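Undergrad: Generate a structure from the sequence data that follows.
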Amino acid sequence: MDRSESNRNALRFCIVSTFYPPHNFGGDGIYSHRLANGLARRGHKVTVIRSSSAYELLANGQPTAASADHPNVTVYGLRTPLGKLGLLAVQQTGRPMLQSPALRRALGAGDFDVIHYNNVSLLGGAAAFRYGRGLKLYTMSDHWLVCPMHVLWKFNRAICVRPTCYRCRLVGGRPPEFWRSGGLMAEATRSIDAFLGPSLFTIRMHLERGIHGAMIQLPLFCGEPEPAARNATINGGRPYFLYSGRLEKSKGLQDVIPVMKARPAIDLLIAGAGRFEQELFALAGGASNIKFLGRLDQAELQSLYRNSMATIVPSLGYETFGLVVVESFSTSTPVIVNAGSALAEIVSTYGGGLMYLNRQQLGDAIDRMRGDGTLRERLGVEGRRAYEAEFSEDAHLNKYLGMVDELLARKRSGESLKALTDTDGQTRLAGLPIFFG
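TA: Predicted coordinates for the structure are as follows:
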C-alpha cells in the first residue's frame, strides 16, 4: 500500500464488467481484477458485477483456471435468464432485458460512491449506464462504444477507416446491432461523468467517432512482478523473443513468424490462444524455433518476460493501450512494437523499445536487439523507469483516487468540469489531461 494513501477515507466502489477473472478472455477483465484488488488493498470496499453466463456461453464451459480476490472484494456473478436467448436480447437491444431485475438489485443495493464500468456489451448493454447512483466512470479498454466488433478491425482483415458496421458483423459471424442506428448510445453515455482513456490515441478515436463527454487520460497498470533473477536455463538456454497475447489475425503474428523462421538460431515463444491459432500453426510449418506454449499463468509469463531478449508486440489493429508492453517493462525487458496506435505512443513517450513499420524493419529490430547487449540493457532500464513512474499499481491508484476525490467533490457541489483550465492553458484534473467532446 502507498503510505500517502493509507489514511484515505474508505469508499464504496462497484466495478461492472462483462468479464472478470476467472470468467475472462482479455485485457478488460484483467484491468478490472487489478483495479478491484488494488483498491481493496487500500481499504476500500469493492463489489464486482460480472456476467457468468456470457463467459460460459462464449467459452463453451466453466473456467479452468482459478482466480483469487482480496477479502474486501465481493464478486456477484450475474446469470441471464434463458441463457443464449437472454444474452442475444441484450446484444440486439443494447438493454439489460431479462437481466434488468438482477442488475438493478445489484447496483442499487450497495449505495456506491463510484460505479466504474468496463466492457458492458453483454452485461446490460449501453442502457446499463443508467442504473445505480454515484460517480460514474467508464474505462475505454476497447472500442465497443464506437464499434460493435470492439476492435475497429474491419472484415477481419484491416483497420476500420470508414465504418460499414452491418456488413462487418455479418462477415465476422455476428448478428447486426440495429439499436446502434438509434440514439440509445448517445443518450445512455450522458449518464457517464467521465470516460477514462488509457491513451491519447484512444481518446482521439472516440472523440472523432462521436462519443461526447469528459475524457481523462489514465494509463492502465500491472502489478509488481515477483522478485527473481534472470535464468540462463529458460528455454534450454537458447535465446528467444516472446509474444504474449491472443492469437487473432489483428494481433499481427503472421508478420512475425516468417521473419523468425528466417533466423533459426533464435526462438520465438508464443504464449496465448485464439481463433487464428490453426492458421499460425500452418504458417510456422513445424519450424523448430517457433514454439506455441498455449495459455500461461502470470507467474509463468513473468519468467518468460524476464528472460527474453525482447517482447514483440506486432498488433496491426487499433490498440487502446498495451498491457503486454507494460508487463514487459515491469521486468526490465525491452519491447519491439508495430509503430501504430497506442503502442507507438507508449514507446515514443517513454522509450523502452524499438518500433517498426514492415517486415524488413522488424527483422532489423530483432537483429539489433539480439546483437547489442548495451542497447537491450538501456532500453530495459527505460522501460522499468516508465513502469515505476506511470504503470505500477501505486502510480496508477494514486492518480485514480486523486481523480475520484476531485470528481466526487465537483459532482456533489454541482461544479462543471469544463471550468478546469490551468494557467498554462492546459486542461487537467488531479494532474491528468482532460478533453471534452
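
Undergrad: Ile336: neighbour count?
TA: 25 (other Cβ atoms under 10 Å). (C-beta placed from N, C-alpha, C; glycine too.)

Undergrad: roughly how far apart are it and Met309?
TA: Using Cβ to Cβ, to the nearest Å, Ile336 is found at 9 Å from Met309.

Undergrad: what's the overlap in contacts for these two?
TA: Common contact partners of Ile336 and Met309 (Cβ atoms under 8 Å, 6 or more residues apart in numbering): 241, 369.

Undergrad: In its sheet, which strands sit next to whatever helix or strand Val48 lives in, and in what direction?
TA: Using DSSP states H and E, Val48 sits within strand 45-51. Take DSSP bridges as the rule and strand 45-51 pairs in its sheet with strand 12-16 (parallel), strand 73-78 (parallel).

Undergrad: What residues of the first one count as buried?
TA: Right, strand 12-16. Buried positions in strand 12-16, judged by neighbour count with 16 or more other Cβ atoms under 10 Å: 13-16.

Undergrad: Distance from the chain centre to the strand holding Val48, please.
TA: 18 Å (Cα atoms, centre = their mean, to the nearest Å).

Undergrad: what's the following helix or strand after it?
TA: helix 52-59.

Undergrad: Show the pLDDT at Gly425.
TA: Predicted confidence (pLDDT) for Gly425: 52.

Undergrad: Neighbours of the nearest residue to Gly285 once chain neighbours are set aside, how many?
TA: Spatial nearest neighbour of Gly285, chain neighbours left out: Lys261 (7.5 Å); criterion: Cβ to Cβ, 6 or more residues apart in numbering. Lys261 has 16 neighbouring residues, counting by other Cβ under 10 Å.

Undergrad: next one: Arg204
TA: Number of residues near Arg204 (other Cβ under 10 Å) recorded here: 14.

Undergrad: just the one 5 residues further on next, same as before
TA: Other residues within reach of Arg209, judged by other Cβ under 10 Å, total 15.

Undergrad: Assess the claim that it and Cys160 are in contact.
TA: No: Arg209 lies out of contact with Cys160 (Cβ atoms under 8 Å); the separation is 9.5 Å.

Undergrad: Low-confidence bits of this protein, can you list those?
TA: Under the criterion pLDDT under 70, the flagged ranges of the chain are 1-8, 419-426.

Undergrad: just the angle between the longest helix along it and strand 12-16, please?
TA: Counting residues, the longest helix found in the chain (DSSP state H) is helix 393-413. Put simply, helix 393-413 runs at 100 degrees to strand 12-16, going by axes from the mean of the first three to the mean of the last three Cα atoms, to 10 degrees.

Undergrad: Where do the domain boundaries of this protein fall?
TA: The chain resolves into domains spanning 11-217, 234-391 when parsed by automatic domain parsing.

Undergrad: Could you save the ones you listed as a markdown table and add columns showing distance to Gly431?
TA: Shown next, in a markdown table, are the domains of the chain (distance: least, Cβ to Cβ, whole Å):
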| stretch | distance to Gly431 |
| --- | --- |
| domain 11-217 | 10 |
| domain 234-391 | 12 |
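
Undergrad: out of those domains, which comes closest to Glu224?
TA: Nearest to Glu224, of all the domains of the chain, is domain 234-391, at 6.9 Å by Cβ to Cβ.

Undergrad: Just the terminal-to-terminal distance for that closest one.
TA: One end of domain 234-391 sits 27 Å from the other (Cα to Cα, to the nearest Å).

Undergrad: Could you shift the numbering so residue one becomes 225, and keep it that way?
TA: Shifting the count to begin at 225 puts that one at domain 458-615.

Undergrad: tell me how far that domain is from the chain's mean position?
TA: 17 Å.

Undergrad: ditto for stretch 412-427
TA: That offset, for stretch 412-427, works out to 14 Å (Cα atoms, centre = their mean).

Undergrad: same check, this time on stretch 447-464
TA: On Cα atoms, centre = their mean, the centre of stretch 447-464 falls 25 Å from that of its chain.

Undergrad: Can you give the contact residues for that stretch?
TA: 258, 262, 489-493, 515, 523, 526-533, 554-555, 594, 616-617.

Undergrad: Out of these, which end up buried?
TA: 258, 262, 490-493, 526-533, 554-555, 594, 616-617.

Undergrad: can you give me the strands for the stretch 525-661 of the chain?
TA: 535-537, 559-562, 577-580, 652-653, 656-660 (DSSP state E, counting those that start in this stretch).

Undergrad: Including distance to Gln316, could these go into JSON lines?
TA: Output for those, formatted as JSON lines (distance: least, Cβ to Cβ, whole Å):
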{"stretch": "strand 535-537", "distance to Gln316": "35"}
{"stretch": "strand 559-562", "distance to Gln316": "35"}
{"stretch": "strand 577-580", "distance to Gln316": "41"}
{"stretch": "strand 652-653", "distance to Gln316": "36"}
{"stretch": "strand 656-660", "distance to Gln316": "32"}
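
Undergrad: mind checking which of these is nearest Ser423?
TA: strand 656-660 (10.9 Å).

Undergrad: Setting the sequence-adjacent residues aside, check what's closest to Gln478.
TA: Nearest non-adjacent residue to Gln478 (Cβ to Cβ, 6+ apart): Leu507, at 6.1 Å.

Undergrad: Could you pull out the helices in the stretch 425-574 of the chain for me?
TA: 477-485, 501-508, 522-531, 547-554, 565-574 (DSSP state H, counting those that start in this stretch).

Undergrad: so which of those gets nearest Tyr624?
TA: Within those, the stretch nearest Tyr624 is helix 547-554; the backing value is 15.3 Å (Cβ to Cβ).

Undergrad: Please identify the buried residues of that closest one?
TA: Under 16+ other Cβ under 10 Å, the buried positions of helix 547-554 are 547-554.

Undergrad: now, among these, which is nearest to Ser468?
TA: Once Cβ to Cβ is applied, the member of the buried residues of helix 547-554 that ends up nearest Ser468 is Val548, at 5.2 Å.

Undergrad: you'd agree that closest one is up against Thr535?
TA: Yes: with contacts counted by Cβ under 8 Å, Val548 reaches Thr535, the gap being 6.4 Å.
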